[in-house]
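> What shape does this take:
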Amino acid sequence: MPPPAQHSESSRAVLGQGRDLTGRLLFLGTGTSTGVPLVGCGCATCTSGDPRDVRTRTSVLVGLPGGHLLVDTSPDLRGQLLRERIGRVDAVLYTHDHVDHVYGLDDLRPLCFATGRPVPLYCQARVENRIRKAFDYAFTEGPPLGGGVPKVVFERIGPTPFELLGARITPLPLRHGVFDVLGFRFGNVAYCTDTNLIPDDTWPLLQGLDVLVLDCLRPTRHPTHFCLAESLETAARTGATRTLLVHMAHDVRHADLAARLPPGVELAVDGLEVPLT
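Numbers count the residues shown, from 1 in each chain. Sure, this is the predicted structure:
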């Protein structure tokens, strides 16, 4: 599949008020589907004064040689991009079609308006079907709607590695309860959110990692996400130099758990940046 067209100098100038993240991976969000604090909850984490306990829905931005790659469009996308001063997204890559990873798509509208062309969405067929249903107004023939619609174009992906924005991306097939989902490897960094099982064929793709970003919902077991013990076991098996845990619920209070993690394993926080290698 062809990579998306690069920005012209004029379109870069239109978008150019944001940061350039080339060579870095930025955690836009590190929380579970409800976010943390959880609405209506008075637990110690949700009422914590520690900013590390504020977690928007999980997503990352990857600064590749040819531009900014957004992985998933969380419902918190607008706030995440404003918080991190990101004024440019060159392509979007989807792990799966669940609400907390898809439903911020409409927040791409200003970026589409600025460039005057659609944002390419790299995804599997199930994700495309979900987007077409959930955002049917963006694909309906007829007169333009007031306020405009997100302009996107779909690029189908599967388990085969592909080139995007000047980098080779390796899909990592994962299981998320009864669902088949994808993680991704960018060089020696692997991103594996929303999983509770790594298939046998995927393990060889997780060797030689400098950084592993890994699902860790809570200390106790869950039917669709890794719990803490499972995440630690997975991290040890991959041998990754550094493991960063994401998709955490309010069962995880940062200060309490961070102090008990083994060397090389950390809790990611919103706004954290790590180098790509």
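> residue ranges for the strands of the stretch 51-200 of the chain, please.
With DSSP state E, counting those that start in this stretch as the criterion, the stretch 51-200 of the chain has strands at 59-64, 67-71, 91-93, 119-123, 152-156, 162-164, 167-176, 179-186, 189-192.
> ok, N129 - contacts?
By C-beta atoms under 8 Å, 6 or more residues apart in numbering, N129 lies in contact with D97. Placement of C-beta: from N, CA and C, glycine included.
> per-residue confidence at it?
With respect to pLDDT, N129 has a value of 98.
> thinking again about what came up before, could you point out which of the strands of the stretch 51-200 of the chain sits nearest D215?
D215 sits nearest to strand 189-192 of all those, at 6.3 Å, using C-beta to C-beta.
> Report all helices and strands that that closest one contacts.
Using 3 or more C-beta pairs under 8 Å, 6 or more residues apart in numbering; DSSP states H and E, the elements in contact with strand 189-192 are strand 167-176, strand 179-186, strand 211-215.
> so which of these gets nearest P159?
The minimum distance between P159 and the helices and strands packed on strand 189-192 falls on strand 167-176, with 5.2 Å, by C-beta to C-beta.
> before we move on, the earlier item: would you format the helices and strands packed on strand 189-192 as JSON lines with mean pLDDT and mean neighbour count included?
Formatted as JSON lines, the helices and strands packed on strand 189-192 follow (pLDDT from 0 to 100; neighbours: other C-beta atoms under 10 Å):
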{"stretch": "strand 167-176", "mean pLDDT": "98", "mean neighbour count": "18"}
{"stretch": "strand 179-186", "mean pLDDT": "98", "mean neighbour count": "22"}
{"stretch": "strand 211-215", "mean pLDDT": "98", "mean neighbour count": "26"}
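> Put together TSV for the ones you listed, with distance to R242 on each row.
Converted to TSV, those look like this (distance: least, C-beta to C-beta, whole Å):
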stretch	distance to R242
strand 167-176	17
strand 179-186	14
strand 211-215	5
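> among those, which is nearest G42?
strand 211-215 (26.2 Å).
> now the very next helix or strand once past the closest one against strand 211-215, angle please.
Following strand 211-215 in sequence order, the next helix or strand is helix 228-238 (DSSP states H and E). Using axes from the mean of the first three to the mean of the last three C-alpha atoms, to 10 degrees, the direction of helix 228-238 lies 150 degrees away from that of strand 211-215.
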